[in-house]
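Engineer: Coordinates only, no sequence provided:
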């Protein structure tokens, strides 16, 4: 159908809306996380969510383009290969993505929808209104059938206030982000998610696999030093938000694989004994030389470990897709209360 240039923007606007999702439970803010995780130590830690200010988000995008960082291109290539099978199996009326970001890889699912004439609506759920709207505008311009219902909120604060998706939905959680949860946290998250899903709904979960420690080490210690800069950026966030006086030159980035726990740990390590002042808190912090601040974990999974995690979270595997090098998995799972077989 012909559409005049004047009518096109209106039609695009009609297919994009945004809604705030209220938290279902309180979550710690920056002050509480600093007091409980950093000032109360040792051991000392900070949640990885504070990496992602504007500067940190740009740095992470650059990390994804480094030759050492395999997860993003590997998952994207895997999605490109199996998206058609996923859409064929689920035939979703809604695609709901937790931690959607810029939805770059999710386009593989939309492309599969086009090829199968499956007109799904899209509900990206993330914390940044600006990113969601910018991404949504791009998506509705590129896919003239797509409706985007952006959801602004923090999935860590619960899912009770998500809109009700009455038709079959595919919930998407990509990027290996489930590996940033400790085991018990991941189980609680999955159990909460499946409690909000109907019997015809499905979960598509991306998970990074256990592999050669040398490959893991390289991915989190890139030669360009971008991951180190990204890690140190969290101290800039504290300096800005809490009027702290961290000297970034007094710390160095350290990422190492812990084989007994099957996870990468990212630390900031003090180069020397030093004191830090948090003016906004009227508190101080003393760090010994060599003392560490844990800033992120990234758990890696065997295939069976992934199946076991899904089972503990109330899901049964329906289909499993892995990259040819077995570096990454995409698991399609249904709530355990739903009937059906599996293809493992």
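Structural biologist: Alright, I've got the coordinates. Source: prediction; values computed, not measured.

Engineer: Tell me, how many residues neighbour the closest residue to residue 279 other than its chain neighbours?
Structural biologist: Closest residue to residue 279 apart from its sequence neighbours, by C-beta to C-beta, 6 or more residues apart in numbering: residue 243 at 3.8 Å. Every C-beta, even on glycine, is put in place using the N, C-alpha and C of the backbone. By the measure other C-beta atoms under 10 Å, the count of residues near residue 243 is 12.

Engineer: What pLDDT is listed against residue 243?
Structural biologist: For residue 243, the pLDDT comes out at 98.

Engineer: Ok, residue 131 next?
Structural biologist: 85.

Engineer: Was I right to think it contacts residue 99?
Structural biologist: No. The pair residue 131 / residue 99 is not scored as a contact, 11.3 Å apart, by C-beta atoms under 8 Å.

Engineer: Just give me the neighbour total for residue 34.
Structural biologist: Residues near residue 34, counting by other C-beta under 10 Å, number 24.

Engineer: The chain should start at 11 in everything you say after this.
Structural biologist: Happy to do that; since the first residue is 11 now, the last one works out to residue 44.

Engineer: Helix or strand: which one has residue 316?
Structural biologist: With secondary structure defined by DSSP states H and E, residue 316 is part of helix 313-322.

Engineer: Would you mind pulling the contact partners of that helix?
Structural biologist: Residues outside helix 313-322 that contact it (C-beta atoms under 8 Å, 6 or more residues apart in numbering): 188, 193, 196-197, 200, 215, 217, 219-220, 272, 311, 326-327, 330, 332, 339, 341, 343, 346, 354.

Engineer: tell me which residues in that helix are buried?
Structural biologist: Within helix 313-322, the residues scored as buried using 16 or more other C-beta atoms under 10 Å are 313, 315, 316, 317, 319, 320.

Engineer: What of stretch 201-216?
Structural biologist: 202, 203, 204, 206, 207, 210, 211, 212, 213, 214, 215, 216.

Engineer: Am I right that the last one sits in a helix?
Structural biologist: In other words, residue 216. No. Per DSSP: H, G, I helix; E, B strand; the rest coil, residue 216 lies outside any helix segment and is strand.

Engineer: show me the contacts for it.
Structural biologist: Contacts here follow C-beta under 8 Å, 6+ apart; on that basis residue 216 touches 85, 183, 184, 185, 186, 187, 188, 338, 339, 340.

Engineer: For those residues, pick the one with the most neighbours.
Structural biologist: The most neighbours of any of those, using other C-beta under 10 Å, belong to residue 184, which has 27 neighbours.

Engineer: ok, what's across the strand from the closest residue to it other than its chain neighbours?
Structural biologist: Nearest non-adjacent residue to residue 184, counting by C-beta to C-beta, 6+ apart: residue 216, 4.1 Å away. In this entry, residue 216 is beta-bridged to residue 340, by DSSP bridges.

Engineer: How about residue 158?
Structural biologist: Beta bridges link residue 158 to residue 26, residue 132 when assigned by DSSP bridges.

Engineer: what about it, neighbour count?
Structural biologist: Residues within reach of residue 158, counting by other C-beta under 10 Å, total 23.

Engineer: thought it was touching residue 27?
Structural biologist: Yes. Using C-beta under 8 Å, residue 158 is in contact with residue 27, at 7.4 Å.

Engineer: Need the overlap of contacts for the two.
Structural biologist: Common neighbours of residue 158 and residue 27 are not found (criterion: C-beta under 8 Å, 6+ apart).

Engineer: mind listing what's buried in stretch 279-288?
Structural biologist: 280, 284, 286, 288.
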